[in-house]
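A.B. asks: coordinates only, no sequence provided:
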């Protein structure tokens, strides 16, 4: 086998480098003009003008922040439990000062209704995080049904604990 001369070897290396540079530039163009806009689904990355990007914007309405009213911790034995104890903290967000005062005045009634509601849930149900959005919606309705002068804006459950025996 013949050894290629030095000139043809240099020419081969130059051709390979040119092909690599073209590949890198082509890859950059494909990623920046095709892949990124598909991932973000935005005209902004695809080089669209600002007016078309502004058309797609949705105005976000910010709801007012209410008055946070934490309730005493709820401690109970869930349905069909073998001595397990469920404990949680609940914070109510009152729409206004009048509602916050009513929550304070009726906190025992609110706690009783929420404890009764949660006591009908089993340990398995209370331990499943997928159920908690439904429970929060139900408790939201329960509290608003109790209140006469106003309503809560939201209900938070910042902590939940199940103690197994």
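C.D. replies: Done, it's in. All figures in this text were calculated on a predicted structure; none of them were measured in a lab.

A.B. asks: so is residue 155 in a helix, a strand, or just coil?
C.D. replies: Put simply, residue 155 is strand when judged by DSSP: H, G, I helix; E, B strand; the rest coil.

A.B. asks: how much space separates it from residue 121?
C.D. replies: 16 Å (C-beta to C-beta, to the nearest Å). Where you see a C-beta, it was placed from the backbone N, CA and C, and this is true even at glycine.

A.B. asks: now residue 135
C.D. replies: Distance, residue 135 to residue 121, by C-beta to C-beta: 7 Å.

A.B. asks: would you map the helices across this protein?
C.D. replies: Assigned by DSSP state H, the helices in the chain fall at 6-30, 36-40, 50-55, 97-105, 107-119, 123-127, 132-146.

A.B. asks: show me what contacts the residue nearest to the spatial centre of the chain?
C.D. replies: In the chain, the residue lying closest to the centroid (C-alpha atoms, centre = their mean) is residue 133, at 11.8 Å. The contact partners of residue 133, by C-beta atoms under 8 Å, 6 or more residues apart in numbering, come to none.

A.B. asks: and it, how far from residue 101?
C.D. replies: 29 Å.

A.B. asks: next one: residue 74
C.D. replies: Taken as C-beta to C-beta, the span from residue 74 to residue 101 is 22 Å.

A.B. asks: show me which of those two is the more surrounded one.
C.D. replies: In terms of neighbours (other C-beta atoms under 10 Å), residue 74 is the more surrounded of residue 74 and residue 101; the figures are 19 against 15.

A.B. asks: does the more buried one touch residue 88 like I think?
C.D. replies: Yes. The criterion here is C-beta atoms under 8 Å, and residue 74 meets it with residue 88 at 5.3 Å.

A.B. asks: what residues are shared contacts of those two?
C.D. replies: Going by C-beta under 8 Å, 6+ apart, residues that sit against residue 74 and also against residue 88 are residue 118.
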